[in-house]
Structure formats: structure tokens, C-alpha cells
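Participant: Starting from these lines, generate the structure:
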Amino acid sequence: MTFSSKPPDTPALAALSSAASRSVRSPLRMALALSMGAAVSLGITRFAYGLLLPPMRADLGWSYALAGGMNTANAFGYLMGALVMPALMRRVDPTRLLVWGAVLASIFMAASGFVEAAPALLLQRWLAGVASAWVFVAGGLLAARLGAEHPTRAGLLLGIYYGGTGFGILLSALLVPPVLHAAAGVPHGWAWAWWMLAAVSAVATMVLAVTVRALDRNTARRTTVPANTADVRAGPRPVPVRRFGWALGGYTFFGAGYIGYMTFVIALLREQGANAGGVTLFYSLLGVACVTSSRLWAGLLDRYRDGRPQALLNTLLGIATLLPVLSTSWPVALASGVLFGAVFLSVVASTTALVRHNLPQAQWATGISAFTIAFALGQIVGPTVAGWISDGSGGLARGLVVSAITLWIGAALASRQKPLAMPT
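Facilitator: This is a model prediction of the structure:
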């Protein structure tokens, strides 16, 4: 596959970019615009599947293990995408990877609505995972550079970028249930939801492409181009990835634990009697909490150079995961969604902050890629294991208990991470 040296260029984009260039001069607006990449790569491409799992499983006769395997395939693609990122960034600027990855993710999302066979759906989920890794890693790198230019607001800017996932979750919550209801009498009606999600991703990709053009004109020479060569070559000093061992271990367990909740919590709520309106409310609140979490935890990410932020956030996530198991009360379920949404993306932001605090900027890309790989490894294991456990006598509740324990193990590992001595 050949990448153009520029993002998609159309008369519409050219007409919009002038206005966009004015809107991205504020660092907060720039971070918000970049967050559309997180909305596409995680909020829609990965997490919207939790809303589609119940109707697809009922229609296609899947076990929970196979249903979880769909997100395992997505995570495996994410790992493959992360592994090839260093080679790609030797040839393609991160801003281009951001846009082209979003374009491909949208295409693969649409393709998922045209097939019913499990192997074909697994392939589509894998391909979408590859593309989403390019989007998420490139966007995270650009957000980290933006934070370097505005160090007093670095934690907030990172949080805004990762909080963009919440926009994708919120849009999915508002749009998927009505589409599923409207297509209830149509064979394989869930396909219409995939096509709708692909259309939403395409619109977000258009916004992202306009923003990239504006960044190129106003700030890219300062925030991307000079740093890109240094990032991908990393200078003469090797990156001390092994010294992040405890945090990498904690992040791997985070990936395995959180994805079990995001994959199966809607199915659990359905089993407990939640209707379509309740699911929409739950997922919407989770998405809104994701968006607002950027300000909630910004000070924590700015203050500490060790693994304490990741440890605290993983601990809270374990509590949120266990709440709907301990009680079938609807207020408790909503509290679980709000707490989970307010925390889980900040764990992702905490690893980028850890890299930013402890490595020179020339090594940020390598450091972020290492955490991305650990994240992907956990996500590969998590959904299938949680699904396999949920197929047993304990059902979905037991699967979420295992997810909570996994998150607490991650917290214990992350708590042992110490700051690195900055090179002189």
C-alpha cells in the first residue's frame, strides 16, 4: 500500500482548511481536533462492538468465547499495526498516518456489514485494528508534542486527546440502538449499524483531514517535522524500555482487564433486564465521563513521574468493573459506567505522560510504541479469556470478576514503577 505525502486533498477540504487554520491556533482546540482520531480508532472502531455483540451473537449463534474473539482479532490487528509503526514513520509523517489510518478504519468498518461468516468478520476486525493502531499511536505522539510546547497544560492536553474516545462512545450510544431497533425486522439488521458507524467515522475523518491541513500550515513545522526524524531514529542513545518494566507489565494487565468490561458489560446489563433506552443512557454517561476525565486527572498526570497514577487508576477501574456484579440495581450500574468512563482513558494517558516525563523528546515515539504493544498484548488475551469464562457456570458475572482481579494485578505492578533518571 502506498501512502501519499499529503492527506486526502479535495476542493471541499481546501475550502474548509482556511477556517480550520484559525480554529486550531489554541492548544486546547488543537488537542480537541486531534481527539477525533481517538474517537475513530477506539471509541467507534473498537468499543461500539460492545453494543453490537448481543444482536450479532443471537443472530449468528456465537458462543461468548467467539464473541470475545472478535475483539481479540481487533486487538491482534492493533498489535500488528503498532509493530510496523517505526518502519512506517521512517517513510510517512505521523500527521499522514493519522488521516490515512482513519480512512482505512472507516472502510473496514463498512466492510463488516457485508459479511456474516465468522472468519470474514474476524478478518475485518483484524484489519480495522491495524488501521486504528496507526491512528491512535500517531495521534498520541502529536498530542505529546503539543504538550511539550505547553508544559503547564500537558496533562490536560493529553487527556483531551485520549478523551476523544468518549465522543466516539457517546455517538455510538446515541446512534446504534435506534438503528438496531429500526432494522429489527431486517435479516442481519446489525449490518446497518456497522454502515452507520462507518459513515460517522468518515465524517470524523474529514474533520481530521481538515485539521491536519491547518496544522501543516500553522504549526506542523514547529510540532512535527523537526521532531519526526529524531523520533524515528531515536539518536545515539538506546531507549531504556526495560526500565519501564513494571509499568509495561501493569499496562498489559490493564489491557486484558478493561477490554473484558467494554466487550461484555452491555451483554450483562441486557441479561439483567436493561432495555434499549437504559443501554443508551448507560453508554452515553460512560462516553460523557470519558470526555470530562481529561480535566479530572490532569494534575495527577503532571505531578508524578512514576507509576502511581497508573496504579491508582487501575485500582478504581477494578472497583467499577465489579459494581454491576455485586448489585443488579440500576443506579449501581450507572455508577459503574460513570466511574469506568471517568478513569479508563486516563490510564492510557498516564503511560504517555510517563514517557514524556522520563525520556527526551527524540525517544518519545519509541517509548509510546512500547506501551502500545503492551496494551495490545493484554487486549488480545482479555476478550477471549473473559468470554471463555463467561460460557461457564458463572456466566458473564464471573468473567467480569476475573477482569476486575486482572486490573488490580496491573495496579500492583504499576505501583512498583520508579522514575527514570533523565539523560544528561
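Participant: Can you point out the buried residues in the helix or strand that contains residue 67?
Facilitator: Assigned by DSSP states H and E, residue 67 falls within helix 64-89. By neighbour count on 16 or more other Cβ atoms under 10 Å, the buried set for helix 64-89 is 64-79, 81-82, 85-86, 88-89. For the C-beta atoms, the positions are set from N, CA and C on the backbone; glycine is no exception.
Participant: Run through the residues that contact the nearest residue to residue 94 once chain neighbours are set aside.
Facilitator: Spatial nearest neighbour of residue 94, excluding adjacent residues (Cβ to Cβ, 6 or more residues apart in numbering): residue 138 at 4.0 Å. Residue 138 makes contact with 37, 85, 89, 94, 95, 97, 98, 101, according to Cβ atoms under 8 Å, 6 or more residues apart in numbering.
Participant: Kindly report the same for residue 342.
Facilitator: Contact analysis of residue 342 by Cβ under 8 Å, 6+ apart lists 289, 290, 292, 293, 296.
Participant: gap between the last one and residue 343?
Facilitator: To tie it back to what came earlier, the one meant is residue 296. Applying Cβ to Cβ, to the nearest Å, the value for residue 296 to residue 343 is 9 Å.
Participant: Looking at the two now, which is surrounded by more residues?
Facilitator: Remark: of residue 296 and residue 343, residue 343 carries more neighbours, 24 against 14, as counted by other Cβ atoms under 10 Å.
Participant: Surely that one touches residue 317?
Facilitator: Yes - at 5.3 Å, residue 343 counts as touching residue 317 under the criterion of Cβ atoms under 8 Å.
Participant: hmm, back to that, against which helices or strands is whichever helix or strand comes after the helix holding residue 67 packed?
Facilitator: Later in the chain than helix 64-89, the nearest helix or strand by DSSP H and E is helix 94-111. Here helix 94-111 touches helix 27-38, helix 64-89, helix 118-149, helix 190-218, going by 3 or more Cβ pairs under 8 Å, 6 or more residues apart in numbering; DSSP states H and E.
Participant: and after the third one, which helix or strand comes next?
Facilitator: So that's helix 118-149. On the C-terminal side of helix 118-149, the closest following helix or strand by DSSP H and E is helix 154-182.
Participant: Give me the buried positions along that following helix.
Facilitator: 154-173, 175-177, 179-180.
Participant: and the angle from that helix to helix 118-149?
Facilitator: With axes from the mean of the first three to the mean of the last three Cα atoms, to 10 degrees as the basis, helix 154-182 and helix 118-149 are set at 150 degrees to each other.
Participant: average pLDDT for helix 154-182?
Facilitator: Averaged over helix 154-182, pLDDT sits at 85.
Participant: Off-centre distance for it?
Facilitator: How far helix 154-182 lies from its chain's middle: 10 Å, per Cα atoms, centre = their mean, to the nearest Å.
Participant: thinking again about what came up before, for the helix holding residue 67, packing partners?
Facilitator: For helix 64-89, the elements it packs on are helix 49-60, helix 94-111, helix 118-149, helix 225-233, helix 245-271, helix 364-390, judged by 3+ Cβ pairs under 8 Å, 6+ apart.
Participant: about what we covered before: now, of the contacts of residue 342, which are buried?
Facilitator: Buried subset of the contacts of residue 342 (neighbour count, 16+ other Cβ under 10 Å): 289, 290, 293.
Participant: Go through the residues you listed and flag which are in helices.
Facilitator: Among those, DSSP state H puts 289, 290, 293 in helices.
Participant: so the last one touches residue 347, yeah?
Facilitator: Spelled out, that is residue 293. No - taking Cβ under 8 Å as the definition, residue 293 is not a contact partner of residue 347, at 10.1 Å.
Participant: So, low pLDDT: which residues of the stretch 301-424 of the chain?
Facilitator: For the stretch 301-424 of the chain, the stretches flagged by pLDDT under 70 are 421-424.
Participant: what ranges do the helices span in it?
Facilitator: 308-326, 330-358, 364-390, 395-414 (DSSP state H, counting those that start in this stretch).
Participant: Okay, buried residues for the second one please.
Facilitator: Spelled out, that is helix 330-358. The neighbour-count check on helix 330-358 (16+ other Cβ under 10 Å) flags 330, 333-358 as buried.
Participant: who are the neighbours in contact with the nearest residue to residue 196 once chain neighbours are set aside?
Facilitator: The shortest distance from residue 196 to any non-neighbouring residue, by Cβ to Cβ, 6+ apart, is to residue 179 (5.1 Å). For residue 179, the contact set (Cβ under 8 Å, 6+ apart) comprises 192, 193, 196.
Participant: For residue 199, see how far away residue 179 is.
Facilitator: From residue 179 over to residue 199 the distance is 11 Å, taken as Cβ to Cβ.
Participant: likewise residue 258?
Facilitator: On the measure of Cβ to Cβ, residue 258 and residue 199 end up 27 Å apart.
Participant: okay, the two: which has more neighbours?
Facilitator: Ranked by neighbour count (other Cβ under 10 Å), residue 258 and residue 199 place residue 258 first, with 29 against 14.
Participant: need the contact list for the more buried one.
Facilitator: Neighbour list for residue 258: 317, 321, 344, 347, 382, 403, 407 [criterion: Cβ under 8 Å, 6+ apart].
Participant: The fourth one against residue 315, yeah?
Facilitator: Looking back up the chat, that one is residue 347. No - judged on Cβ under 8 Å, residue 347 makes no contact with residue 315 at a distance of 10.5 Å.
Participant: which sections of the stretch 101-250 of the chain are below the confidence cut-off?
Facilitator: 214-239.
Participant: For residue 61, grab phi and psi.
Facilitator: Residue 61 adopts backbone torsions of phi 70, psi 40, taken as degrees, to the nearest 10.
Participant: and residue 303, how many residues sit next to it?
Facilitator: When neighbours are counted by other Cβ under 10 Å, residue 303 comes out with 12.
Participant: any idea how far the closest residue in space to residue 66 that isn't next to it in sequence is from residue 162?
Facilitator: Closest residue in space to residue 66, ignoring its immediate chain neighbours: residue 118 at 6.4 Å, by Cβ to Cβ, 6+ apart. Residue 118 sits at a distance of 32 Å from residue 162 (criterion: Cβ to Cβ).
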